[in-house]
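Colleague: Turn this into a model:
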Amino acid sequence: MKITAIEITRIAIPFDAHRRQPDAQETTYNAASPSLKHMETLLVKVITEDGIEGWGEAFGHLSNPVTEQALINLVSPFFLQRTVPTSQQEIAEVMQSAEQALHAFGRSGPVRYALSALDTALWDLLGKQQLRPLWQLLGAKRNQVERYASLVSYDNNAQQVAVQVQRAHAEGYRALKLHETHPDAIAAARDALPPDVSLMVDVNCPWSRVQAHSIASELRPLQLGWLEEPIWPPDDFLGLSQLRENGVPLAAGENVDGDFGFVNLFESGAVDIAQPSVAKVGGITAALRVFELARQYRVKVVPHCFYYGAGMLATAHLVATLPDDIKMEIPWITFEAQLYPLLPQSVRFNLNDAPGLGYEPDPAVLRDYRLSWTRIDSQGVKNHV
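Modeller: Next up, the predicted model:
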């Protein structure tokens, strides 16, 4: 059975984060930015000659056009007309072949993100061929997953942050993550929550080593679950390992160079929590390698997931393979439309027994919120914007 077509769909869905709407959408590349009012995603559908469809998701957010071009011009042509893998080992082999063939164009960045989407789509196809959900294929002992709320930024407004974390807690979330950078805003969240609610902070690589040490010292009394990516550049592993001595648990890994980048992260003793991101690291296959590396180095894994497409579904199945206390990150915002209307929205939910990823995107949402669509098949490339 061959891969006969690949379709790439870029969509943007408006959302409400219960904050003042910006006057205009800023050109920003951080999906948690207070300026955003739409969230983009880049979806990939792999179609076989038997009509089976597998879905994947590639990272990019507002940089999706760059990843989109990597998919159209490099990655999709590599996979077109190839035999569909029929085992986990065959997926790993074809993905390694693709990485080696395309490595000159970047072992991370848009090419890696595009490969991540193809890998996830191949896993979805594998589950559908075998009529098994991914959580079973991956060997998970549970199918119940608990979400944690990943809040967008409220621009370091301490009063607003306190209000929002209380709202999230009232909805049943037992763990929350901020995207604030000022200690006063972070402290306001901690004060607004019961002591048994876990609070994490993702600051997105803003500080020098000296700044990070100073601010981490201020944050230490708050007993955060973790401080995520505090140092610029994100691959300053020595700086991270030195900051760990401050006593605040550190998390990182979303921005390392593929799964092999975690070797350096772990060998440097740079993190307490590793965060592979399935839509960036190389898909499910690469994420599983990171899980194994983390076991060897005795590092806790909590996957990163600020997505709402197939990457989000893949993360849920991956989290099901991890210890019961590991929760799944989701963007805590209210979308105008649900890409997966049948997916439960509760804090704790059960993955279903449907094959593959278990849920199919709503065709109406794909149509109504589409920014661009491309089909690549034996006839060439067809675009619609």
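Colleague: pLDDT at Phe266, what is it?
Modeller: Phe266 carries a pLDDT value of 98.
Colleague: Send me the longest strand belonging to the chain as CSV with only the CA atoms.
Modeller: For the chain, the longest strand by residue count, based on DSSP state E, is strand 3-16. Below are the C-alpha coordinates for strand 3-16, written out as CSV (Å, rounded to 0.1, in the frame of the first residue of the first chain):
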residue,chain,number,x,y,z
ILE,A,3,1.1,6.9,0.0
THR,A,4,-0.7,8.6,-2.9
ALA,A,5,-1.4,12.1,-1.6
ILE,A,6,-0.5,14.5,1.2
GLU,A,7,-2.7,17.5,2.1
ILE,A,8,-1.5,20.4,4.2
THR,A,9,-4.1,22.7,5.8
ARG,A,10,-3.3,25.8,7.7
ILE,A,11,-6.1,27.2,9.9
ALA,A,12,-6.6,29.9,12.5
ILE,A,13,-9.4,29.7,15.1
PRO,A,14,-10.4,32.8,17.2
PHE,A,15,-10.3,32.3,20.9
ASP,A,16,-11.3,34.1,24.1
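Colleague: Counting neighbours, which bits of it end up buried?
Modeller: By 16 or more other CB atoms under 10 Å, the buried positions in strand 3-16 come out as Ile3, Thr4, Ala5, Ile6, Glu7, Ile8, Thr9, Arg10, Ile11, Ala12, Ile13, Phe15. For glycine as for every other residue, the C-beta is placed from the backbone atoms N, C-alpha and C.
Colleague: farthest-separated two in those?
Modeller: Pairwise distances across these (CB to CB) peak at 35.0 Å, for the pair Thr4 and Phe15.
Colleague: Show me what counts as buried in the host helix or strand of Glu68.
Modeller: For Glu68, the element it lies in under DSSP states H and E is helix 64-70. In terms of neighbour count (16+ other CB under 10 Å), helix 64-70 has its buried residues at Asn64, Val66, Thr67, Glu68, Ala70.
Colleague: Does anything pack onto the least confident helix or strand in the chain by mean pLDDT? Which helices or strands?
Modeller: Here the helix or strand of the chain ranked lowest by mean pLDDT, DSSP states H and E is strand 380-384, holding a mean of 82. Where contact means 3 or more CB pairs under 8 Å, 6 or more residues apart in numbering; DSSP states H and E, strand 380-384 is packed against strand 370-377.
Colleague: by contact count, what packs against the strand it packs on?
Modeller: strand 3-16, strand 380-384.
Colleague: and the last one, C-alpha only, in PDB?
Modeller: Listed next in PDB are the C-alpha coordinates belonging to strand 380-384 (Å, rounded to 0.1, in the frame of the first residue of the first chain):
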ATOM      1  CA  GLY A 380       1.800  17.700  -8.900                       C
ATOM      2  CA  VAL A 381       1.000  20.500  -6.400                       C
ATOM      3  CA  LYS A 382      -2.500  22.100  -6.100                       C
ATOM      4  CA  ASN A 383      -2.900  25.200  -3.900                       C
ATOM      5  CA  HIS A 384      -5.900  27.000  -2.600                       C
END
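Colleague: Give me the neighbour count for Leu240.
Modeller: Neighbours of Leu240 under the rule other CB atoms under 10 Å: 23.
Colleague: can you give me the offset of the one helix or strand it maps to from its chain's centre?
Modeller: Here Leu240 sits within helix 237-244, counting by DSSP H and E. Put simply, helix 237-244 sits 24 Å off its chain's centre (CA atoms, centre = their mean, to the nearest Å).
Colleague: Buried residues in it, which are they?
Modeller: Quick answer for helix 237-244 (16+ other CB under 10 Å): Phe237, Gly239, Leu240, Ser241, Gln242, Leu243, Arg244.
Colleague: And the spatially closest residue to the first one that is not a sequence neighbour, how close does it get to Asp236?
Modeller: Same thing as Phe237. Of all residues not flanking Phe237 in the chain, Ser268 sits nearest, at 3.6 Å (CB to CB, 6 or more residues apart in numbering). Per CB to CB, to the nearest Å, Ser268 is found 10 Å from Asp236.
Colleague: Same question for Thr285.
Modeller: 28 Å.
Colleague: which of the two has more neighbours?
Modeller: Neighbours of Thr285 and Asp236, each counted by other CB under 10 Å, are more numerous for Thr285; the result is 24 against 20.
Colleague: Run through the residues that contact the more buried one.
Modeller: Gln88, Ile91, Ala92, Met95, Asp119, Trp123 (CB atoms under 8 Å, 6 or more residues apart in numbering).
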